[in-house]
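Enquirer: Sequence isn't available, so here's the structure alone:
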């Protein structure tokens with residue numbers, strides 16, 4: 001018996017997870033940034049909102065979300081009748097942490113003539129304070145439907161907001177949040193890598209800083225980058241997002257070469273999301289066995305948060321999990 005986890009020595013975790021999946025009538029969701037072993041056993045692998053919508057369409061009674069807390073909250077918002085477990089409740093997000101609800105509320109109140117577009121990487125409380133939620137795949141379509149004279153607050157990701165602001169010449173107040181993973185890429189090291197592979201295009205997530213995005217041949221959501229990898233000309237791609245997406249790229253197009261964009265130390269280890277890494281096979285097993293830790297949400301908060309999500313789906317439902325924020 002492992003004294004820390006309470007799991008008997010020699011337990012076949014994959015077999016036990018499969019057994020519990022059936023017993024619990026559970027669906028396992030794996031984000032693209034999860035370890036390959038978790039991606040490979042998940043019922044669905046994808047971006048956060050795409051996964052929550054797929055789970056909502058199933059008859060599963062339990063959702064085990066291998067991702068981070070705001071993603072599991074979104075699953076609960078869309079599937080209130082289902083039990084939602086997160087293998088590690090400490091799996092947070094630097095963007096969510098950067099935007100405390102009380103501060104965001106005060107910011108909104110200080111700018112009453114602005115509407116709030118909030119990136120999905122935020123808490124349920126911030127979603128409830130927002131007018132429209134956006135994803136990296138729906139942001140452009142939603143922005144195109146908002147009159148140019150309408151003032152906008154965009155949070156919590158200043159880099160995604162800044163990319164949209166520059167591309168569409170829109171006047172937006174940006175909340176100063178960043179993703180610590182995408183912030184870690186180094187322009188100097190990226191240019192060194194590009195010099196070694198001059199014919200390789202660069203695909204970047206818009207959570208990256210401008211000095212990375214400006215070198216990209218393609219800018220898009222994680223799903224968009226995966227689709228670009230499948231259809232791009234050439235055989236080598238430099239990937240500027242969390243490197244675990246490369247597992248899906250190699251499975252999808254094994255004849256191509258994918259290189260993770262480096263961090264300041266010359267490798268991409270610093271770009272592995274520390275929050276996503278908290279989910280392990282052991283914790284997934286325990287969460288299915290014990291149905292804990294569980295996402296609970298007061299109904300008033302759930303309905304308020306769902307309103308901004310519903311608005312996004314009304315405006316751009318066809319983009320979820322499919323689109324991107326466009327080529328440069």
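Expert: On my side now, so go ahead. Quantities reported herein were computed from a predicted structural model and do not represent experimental measurements. Numbers count the residues shown, from 1 in each chain.
Enquirer: Got the phi and psi for residue 83?
Expert: Torsion angles at residue 83 (phi, psi; degrees, to the nearest 10) stand at phi -80, psi 130.
Enquirer: so who does the nearest residue to it once chain neighbours are set aside touch?
Expert: The spatial neighbour of residue 83 that comes closest, neighbours along the chain excluded (CB to CB, 6 or more residues apart in numbering), is residue 62 at 4.7 Å. For glycine as for every other residue, the C-beta is placed from the backbone atoms N, C-alpha and C. By CB atoms under 8 Å, 6 or more residues apart in numbering, the contact list for residue 62 reads 24-27, 82-85, 288, 291.
Enquirer: next one: residue 153
Expert: 107-108, 111, 114-117, 172-173, 175.
Enquirer: and with 7 Å instead?
Expert: The contact partners of residue 153, taken as CB atoms under 7 Å, 6 or more residues apart in numbering, are 107-108, 111, 114, 116, 173.
Enquirer: element containing it?
Expert: strand 151-155 (DSSP states H and E).
Enquirer: which secondary structure elements does the next helix or strand after that strand contact?
Expert: Next along the chain after strand 151-155, taking DSSP H and E as the criterion, comes helix 158-168. Helices and strands touching helix 158-168, as assessed by 3 or more CB pairs under 7 Å, 6 or more residues apart in numbering; DSSP states H and E, comprise helix 139-144, strand 172-174.
Enquirer: So which bits of the longest one are buried?
Expert: Spelled out, it's helix 139-144. Going by neighbour count (16 or more other CB atoms under 10 Å), the buried part of helix 139-144 is 139-143.
Enquirer: circling back: how many degrees apart are the strand holding residue 153 and helix 158-168 in direction?
Expert: Interaxial angle of strand 151-155 relative to helix 158-168 (axes from the mean of the first three to the mean of the last three CA atoms, to 10 degrees): 140 degrees.
Enquirer: Quick check: neighbours of strand 151-155 in the sheet, parallel or antiparallel?
Expert: strand 114-119 (parallel), strand 172-174 (parallel) (DSSP bridges).
Enquirer: returning to that earlier point: can you pick the most crowded of the contacts of residue 153?
Expert: residue 116 (22 neighbours; other CB atoms under 10 Å).
Enquirer: for the stretch 51-200 of the chain, what spans make up the helices?
Expert: Along the stretch 51-200 of the chain, counting by DSSP state H, counting those that start in this stretch, helices occupy 69-78, 94-97, 101-110, 124-128, 139-144, 158-168, 180-183, 187-196.
Enquirer: right, and those helices - which one's nearest residue 222?
Expert: Closest approach to residue 222 among the helices of the stretch 51-200 of the chain is made by helix 180-183 (11.1 Å; CB to CB).
Enquirer: what does that closest one contact?
Expert: 94, 159, 205, 207-209, 241-242, 271, 273.
Enquirer: Since that was my last question, I'll sign off now.
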